[in-house]
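# Everything below, folded, please.
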Amino acid sequence: MGAASAKDWLAINDLFIRYATSLDRGDVEGLVGCFTADATIESPAIGRFSGVKGIRAFAERNARFQKQQRAQLRHVVSNLRVEVRGNRARAFCYLLDFLTRNGKTRLLSPGEYDCRLVKIGGEWKFERRLVVMDLPFKIKDL
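Modelled structure (predicted):
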């Protein structure tokens, strides 16, 4: 794999931002739209979800958690590194995960996203998204 073109880097960066903001807003359709039909997302905090049905279940679970807990999540991504070969890419970025609830904000854990992407119809989508947390936690423990 080689360095991404500026166009691909910007499109992949936009995908990372759309994912984070969809997750934080509880936008189920926006989040599902960031993934391929057979994608997988895996995190020590949430478990493993696969395919459209699984990704949708993850997005709905997240939206329900925020609504029921009257909580706001903020996923802040930075330091994006991208390598591209044809219509496939591997991308990594740092992650800061904040939770605001009951008037208090706390950092859940820093971490990193390790992603495999594919370009379909000119649009980059996540094919595999692995979340690696520096300090593991479970959503049920929040």
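
# so how far is the helix or strand containing residue 36 off the chain centroid?
Using DSSP states H and E, the element containing residue 36 is strand 35-43. Relative to its chain's centre, strand 35-43 lies at 10 Å (CA atoms, centre = their mean, to the nearest Å).

# Same check on stretch 84-93?
Taking CA atoms, centre = their mean, the mean C-alpha location of stretch 84-93 is offset from the chain mean by 15 Å.

# Could I get the buried residue list for it?
Residues of stretch 84-93 classed as buried by neighbour count (16 or more other CB atoms under 10 Å): 84, 89, 90, 91, 93. (C-beta placed from N, C-alpha, C; glycine too.)

# Check which residues of the helix or strand that comes right after the strand holding residue 36 are buried.
Along the chain past strand 35-43, the next helix or strand (assigned with DSSP H and E) turns out to be strand 47-50. Buried residues in strand 47-50, defined by neighbour count with 16+ other CB under 10 Å: 49, 50.

# Lowest mean pLDDT among the helices and strands of this protein, which one is it?
Confidence across the helices and strands of the chain bottoms out at strand 2-3, with a mean of 90, counting by mean pLDDT, DSSP states H and E.

# quick one: low-confidence parts of this structure?
138-142 (pLDDT under 70).

# quick one: the helices in it?
6-25, 28-32, 51-69 (DSSP state H).
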